[in-house]
Structures are given as structure tokens and as C-alpha cells.
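>>> Sequence isn't available, so here's the structure alone:
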């Protein structure tokens with residue numbers, strides 16, 4: 001018989017999934033103001049140099065389904081679709097481990113293996129949740145202040161947000177992304193994801209940018225994700241570039257029989 005989730009376990013793994021479903025930080029942009037052509041800005045943002053490995057440590061705060069969480073967070077990523085996140089309780093002890101392998105396989109273990117979720121098709125899972133354009137590494141990109149993987153389409157300046165000029169990117173499925181860029185330092189400031197009808201699907205904002213070995217990272221990240229995840233706030237306390245990595249760090253090994261799939265978890269949420 002397959003295991004069913006306690007309320008807190010479902011919330012915790014759902015949060016982990018949302019966070020793992022975005023390449024490392026970016027070097028400061030050396031452009032004077034905003035360029036005349038929107039494609040020029042997008043190209044500069046999307047083509048920033050990245051180190052091969054990044055290790056970030058901080059705190060994560062959220063409330064999912066009435067369950068408040070304030071967790072320790074460690075993220076290790078290679079910027080090529082591999083990532084590992086460890087979440088820990090305030091007074092010690094692992095809350096959950098999530099591994100994303102090659103932007104495809106996704107494995108989560110929560111509360112000392114009392115809950116195991118696995119999917120070999122993480123891309124299809126995420127695309128069904130937020131849009132055809134989405135890639136699992138997108139959420140890691142957002143956490144590291146990068147233009148999310150999978151953002152491709154026609155571009156234009158959008159001036160319908162007060163005095164803030166935003167870069168509009170038309171995504172597959174009629175969705176759109178709106179990006180704003182701060183000038184000092186030159187870095188992403190806000191991202192809005194909208195569906196074909198103009199309704200907001202998700203958003204992200206970045207602040208407290210810190211330069212580490214020539215790369216620029218946000219230390220204050222705010223994410224608004226689709227239900228049941230909701231609002232997520234991350235405070236980054238330390239960043240290490242190119243740490244030593246064990247060879248099997250990013251291995252998403254299929255679990256033993258009796259696990260619950262992410263698809264089943266999502267189906268329970270829909271009910």
C-alpha cells in the first residue's frame with residue numbers, strides 16, 4: 001500500500017518541489033541605462049558568465065496550507081540542470097532533501113525517509129503546473145537571480161506598470177513574462193509571470209545584491225508561487241563559489257517500492 005501524506009509533510013515537499021523546479025549567479029552588467037532594443041537587454045541578461053558550482057546557505061520562511069515554516073536551507077547547483085537542496089529544522093535535524101538530476105529526474109525525501117516522492121519526468125510535471133515553456137531548473141535560476149531557463153519568444157518594452165519600464169517576453173501557450181532591471185547594480189529586480197488572459201501566475205523579486213568573486217547574487221529573494229505553495233521568502237547568509245562536490249551528489253536514484261509520485265501528490269492537492 002502506498003503511503004499517504006500528513007499535512008505538514010505534503011506542505012514541506014510541495015515547497016521543496018516549487019523551489020527546485022530555477023544556473024548560478026550573474027556578473028554585474030556593464031550597460032549604461034536601458035538599451036533601445038529589448039532584445040539587447042535580454043541577451044545581456046541571459047548570457048552572463050557563471051561558475052561551475054555554487055553553494056548557498058540561508059533561511060527559508062513560508063506558510064503553506066496554514067503550516068508556518070522557518071527552515072535552514074542549503075542549495076548546491078552546477079548550473080546545468082543538476083541541483084541538491086537540504087532543508088533543516090530551526091533546532092537541528094533534516095526536514096527534507098531534494099535532488100534534481102539533469103533537469104529531468106526529481107527525488108524528494110522528507111522526515112527521515114518517512115516520505116519519498118519521485119518522478120523521472122520533472123519537465124513534463126512542471127509544464128503541466130505552470131506552462132509549456134517551463135523547465136525544472138527555472139526555480140533554481142530564480143533563487144540565484146538569473147533569467148529563467150526556457151524564456152524564449154518575441155520581446156517588447158511594456159510601459160503599463162506606472163513609471164517602471166519592463167521587458168515583456170511572449171512565452172509558449174500564450175503566457176508572458178515581464179522583467180524589470182535595477183540600474184545600481186545592474187541586475188534583475190522583479191519578474192511577473194502571466195497567463196494568456198493577463199492574470200498573474202507567479203512572481204519573483206530580488207534585493208540585497210552581493211558580489212562574490214566577481215559574480216553578483218541576491219541575498220533577499222521573494223517568490224509568489226501557484227497554490228498550494230504561495231509566498232516564499234529566502235535570506236541568503238553565505239555563498240561559496242566552486243566548492244568541492246562528491247561525485248554522486250546529484251544522483252536521483254529511484255526509491256524502493258512504496259513511494260508516492262509527485263503526480264499523485266499534485267492530484268491530492270487538486271482534490
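Looks like it came in fine. This structure is a prediction, so every number in the text was calculated from the model and none was measured. Residues are numbered from 1 along each chain as shown.
>>> contacts, neighbours, all on C-alpha from now
OK.
>>> which parts of stretch 254-261 are buried?
Buried residues in stretch 254-261, counting neighbours by 16 or more other CA atoms under 10 Å, are found at 259-261.
>>> before we move on, what about stretch 142-158?
Along stretch 142-158, these residues count as buried under the neighbour rule (16+ other CA under 10 Å): 142-151, 155, 157-158.
>>> ok, back up a step: out of the buried residues of stretch 254-261, who's nearest residue 226?
Closest approach to residue 226 among the buried residues of stretch 254-261 (CA to CA): residue 261, at 19.3 Å.
>>> hang on, the closest one packs against residue 120?
No. Judged on CA atoms under 8 Å, residue 261 makes no contact with residue 120 at a distance of 9.6 Å.
>>> related to what we said a few turns ago, could I get the buried residues of stretch 254-261 in CSV, plus columns for distance to residue 177, pLDDT and secondary structure?
Formatted as CSV, the buried residues of stretch 254-261 follow (distance: CA to CA, whole Å; pLDDT from 0 to 100; DSSP: H, G, I helix; E, B strand; the rest coil):
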residue, distance to residue 177, pLDDT, secondary structure
259, 35, 76, coil
260, 33, 75, strand
261, 30, 75, strand
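>>> residue contacts, the residue lying closest to residue 241 once chain neighbours are set aside?
Leaving out its chain neighbours, the residue that sits closest to residue 241 by CA to CA, 6 or more residues apart in numbering is residue 54, at 4.9 Å. Shown in contact with residue 54 (CA atoms under 8 Å, 6 or more residues apart in numbering): 24, 75-78, 239-243.
>>> I'd like to know which of those are buried.
24, 75-78, 239, 241.
>>> Which residue in those residues has the weakest pLDDT?
Lowest in pLDDT among those is residue 24, which has 51.
>>> Okay, and which of the buried residues of stretch 142-158 map to strands?
155, 157-158 (DSSP state E).
>>> and which of those is nearest residue 106?
Of these, the one sitting nearest to residue 106 (CA to CA) turns out to be residue 155, at 31.6 Å.
>>> what separates the closest one from residue 188, distance-wise?
Residue 155 is 16 Å from residue 188, where distance means CA to CA, to the nearest Å.
>>> what's the helix or strand for the spatially most central residue of the chain?
Geometric centre of the chain, nearest residue: residue 139, 1.5 Å, by CA atoms, centre = their mean. Assessed by DSSP states H and E, residue 139 sits inside helix 138-143.
>>> isn't residue 134 right up against residue 152?
No. If you go by CA under 8 Å, residue 134 and residue 152 don't touch, sitting 10.3 Å apart.
>>> In the chain, where is pLDDT below threshold?
Residue ranges of the chain with pLDDT under 70: 1-36, 46-49, 64-66, 112-114, 159-164, 228, 266-271.
>>> could you pull out the helices for it?
Remark: helices assigned in the chain by DSSP state H are 7-20, 38-46, 122-130, 138-143, 262-270.
>>> name the helices or strands packed onto the fourth one?
The reference is to helix 138-143. helix 7-20 (3 or more CA pairs under 8 Å, 6 or more residues apart in numbering; DSSP states H and E).
>>> check contacts around residue 87.
Here residue 87 is in contact with 71-74, 94-97 (CA under 8 Å, 6+ apart).
>>> Bridged to it, which residues?
On the basis of DSSP bridges, residue 87 is bridged to residue 73, residue 96.
>>> Tell me how far it lies from residue 134.
Applying CA to CA to residue 87 and residue 134 gives a distance of 24 Å.
>>> Next: residue 244.
According to CA to CA, residue 244 and residue 134 sit 30 Å apart.
>>> And for residue 61?
Relative to residue 134, residue 61 is positioned 24 Å away (CA to CA).
>>> ok, those two, which is more surrounded?
Between residue 61 and residue 134, counted using other CA atoms under 10 Å, the more crowded position is residue 134 (24 against 16).
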